[in-house]
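**Q** A predicted structure for the sequence below; I have some questions about it.
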Amino acid sequence: MGSLGPADVLIEGRAKPHELIGLVLALEERAAQPERDRRRLDREIGARAVEAGERDGLEILRRWLAEAPAPATRERIGRVRSSLALLRSVMLGAGLFLGWAAAAALLQVEVDAGRINIVLCVGLLVGLPLAMLFTSVGALAWANRSNVGENGSRGSWQSAGLGRGAMAILPHSVRSDIEILVGRLNAHERLYARARRVQLFVWSQEIGFGFAVGATLATISFVVFTDLAFGWSTTLDVEASKVHALAKALAAPWSAIWVEAVPSFDLVETTRHFRAGPEPIHGHVVDPIRYGGWWPFLVMAIACYSLVPRVLALGLGARRLGEESGRAIAHTPGVERLLERLTTPLVETKAPEAEGTIGHAGEGALPLEDVHGWWARQAHESAMAIAWAESIEDAELLRAFAAEDMKVRDAGGRRTLAEDAECTTEAGASAGAVMVCVRAFEPPMLEVLDFLADLRASIGDSRSLGVLLLEGDERDRATWARKLATLGDPCLVVLVGMADRGAGQADV
């Protein structure tokens, strides 16, 4: 079996939501472990993956997720998985109850002379669920198209309603684990917003599917065990021929397989009733058997226009959720470095001194990465460095990275907002990585955070953006790492390695 390198591994395909949650929890645990220990363990797991012939990024991550976390973390991941399965069952059960209750209530409401209004039944059991389905699909498509929720819009009715309802159903022992995930989702809204919206969509479709099944089962049960008599009535001046044409059009999908479920003109004309009117209607004698002839149409309408669309929406939603979960895993902060460790051959080395804080991340902070390793992975063509508030001389940057073709620009400090905007626009027009150099001993002010947010909006979500911390001590770097984490930018990297350099030194 040949060796496997980082360039050979891609994270593609679909993943389960619990795998995304488990990965977040496992990475949270690993941040507190010594760098040397986790590197060795990760490379041992990666070596076993290579021996097993695993070359897909998701498969390698699944192996890591099964072997690397501590027993306590694995138990938490198992609880989260069970809770998500419980939520699915609860959503389906709630839909079944609502569908059965709605159908049972409608089939017991006699509007006139023992007759059930078929128009009301079709409207509430078929038309309303179908309209809600179209609304939810349209809302999801519009949200994804307009990126609603990816820039801080977290208070949608879906999150506030369905999300809080789902949290209330969870066992108390699992809520803390989910709350950790929710905190990470809010911190990285740009990355996880799409997966969260699709998850809410899938939950809503499970409720709708349960409603359709419950309504279908209730209707069939009432047909079998009770005597149903249907009729139709409306205050509008509608001719029976138009109602028959509409019913025939609705019954077109099943007309070839169940002729009895297509209402005839005689059935439509005979079963029309008025609150004040003599019997027989239109010269027809009331036939109890004939008045029950609407039930095949009602059952098929519920199945065709309520149940089948929900099955399709649920299947497509589950597929989309898998794709979005896989995408979120691929862009989760720390996964790229994890895969690099998993696919790098295990080589024992001994450093002359401790590795320090590189690779570690405190609670709620971004991990620190060595600037040299990050720079080596970037395409140097069109790369751009921005010195914030004259933090470093242009010539020093060029000497330090031996990149004469690197664009060096200045922003912040004595420069105007218009000049900063020109800098972000120029960065957006380039194609390479962007690095912003700041002094670590200076506190991260709102103006630099706003500049980074504008810079990200200009260069797009996929390009690498690094913040190089110059000078300062470990405490200063930790302050920056925590503050930059609040930007919710999954592709933002905090770089160190030149922090102790004095002015004019170029020995990187």
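**A** It's in. Numbers count the residues shown, from 1 in each chain.
**Q** Low-confidence ranges, the stretch 1-150 of the chain, go.
**A** 1-10, 31-36, 110-114, 145-150 (pLDDT under 70).
**Q** Ignore what I typed, I meant the stretch 351-500 of the chain.
**A** Residues of the stretch 351-500 of the chain that meet the cut-off, pLDDT under 70, sit at 351-365, 379-381, 403-404, 499-500.
**Q** For it, just list every one of the strands.
**A** 368-370, 384-388, 407-411, 434-439, 465-470, 492-496 (DSSP state E, counting those that start in this stretch).
**Q** so which of the ones you listed gets nearest Cys121?
**A** Ranking the strands of the stretch 351-500 of the chain by their distance to Cys121 (criterion: CB to CB) puts strand 492-496 first, at 55.4 Å. C-betas here are computed from N, CA, C, even on glycine.
**Q** Leaving out chain neighbours, which residue sits closest to Trp203?
**A** Met91 (5.2 Å; CB to CB, 6 or more residues apart in numbering).
**Q** Now tabulate the strands of the stretch 351-500 of the chain in a markdown table and tack on distance to Trp142.
**A** Converted to a markdown table, these look like this (distance: least, CB to CB, whole Å):
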| stretch | distance to Trp142 |
| --- | --- |
| strand 368-370 | 37 |
| strand 384-388 | 35 |
| strand 407-411 | 35 |
| strand 434-439 | 31 |
| strand 465-470 | 28 |
| strand 492-496 | 28 |
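**Q** For stretch 227-239, list every residue counted as buried.
**A** Leu228, Ala229, Phe230, Gly231, Trp232, Ser233 (16 or more other CB atoms under 10 Å).
**Q** which SS class is the first one?
**A** For Leu228, the secondary-structure state derived from DSSP: H, G, I helix; E, B strand; the rest coil is coil.
**Q** check contacts around it.
**A** Leu107, Ile116, Phe222, Gly292, Trp295 (CB atoms under 8 Å, 6 or more residues apart in numbering).
**Q** what's the neighbour count on Arg432?
**A** For the record, residue 432 is Gly, not Arg. By the measure other CB atoms under 10 Å, the count of residues near Gly432 is 19.
**Q** Could I get the phi/psi values of it?
**A** Gly432 adopts backbone torsions of phi -90, psi -170, taken as degrees, to the nearest 10.
**Q** so it makes contact with Trp375?
**A** No. Contact between Gly432 and Trp375 fails when scored by CB atoms under 8 Å: they sit 11.0 Å apart.
**Q** and the residue nearest to Trp203, how many neighbours does it have?
**A** 23.
**Q** ok, now which ones touch it?
**A** Applying CB under 8 Å, 6+ apart, the residues near Met91 are Trp203, Glu206, Ile207, Gly210.
**Q** Just the buried subset of the residues you listed, please.
**A** For the contacts of Met91, buried by 16+ other CB under 10 Å: Trp203, Glu206, Ile207, Gly210.
**Q** now those residues as JSON lines including secondary structure and distance to Ala400?
**A** What follows is the buried ones among the contacts of Met91, written out as JSON lines (DSSP: H, G, I helix; E, B strand; the rest coil; distance: CB to CB, whole Å):
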{"residue": "Trp203", "secondary structure": "helix", "distance to Ala400": "51"}
{"residue": "Glu206", "secondary structure": "helix", "distance to Ala400": "55"}
{"residue": "Ile207", "secondary structure": "helix", "distance to Ala400": "58"}
{"residue": "Gly210", "secondary structure": "helix", "distance to Ala400": "62"}
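**Q** By pLDDT, give me the weakest of the residues you listed.
**A** Across the set of those, Trp203 stands lowest in pLDDT, at 91.
**Q** okay but that one is in contact with Leu87, surely?
**A** Yes. Assessed by CB under 8 Å, Trp203 is found in contact with Leu87 at 7.0 Å.
**Q** Ala328 is nearest to which of the strands of the stretch 351-500 of the chain?
**A** That would be strand 492-496 among the strands of the stretch 351-500 of the chain, by CB to CB, at 16.0 Å.
**Q** what's the closest of the contacts of Met91 to Leu366?
**A** Nearest to Leu366 among the contacts of Met91, with distances taken as CB to CB, is Trp203, at 30.9 Å.
**Q** Count the neighbours of Gly78 for me.
**A** 12.
**Q** Ok, the one 10 residues further on next?
**A** Look at Arg88: counted by other CB under 10 Å, it has 13 neighbours.
**Q** which residues touch it?
**A** By CB under 8 Å, 6+ apart, the neighbours of Arg88 are Trp203, Glu206.
**Q** Tell me the spacing between it and Gly413.
**A** 54 Å (CB to CB, to the nearest Å).
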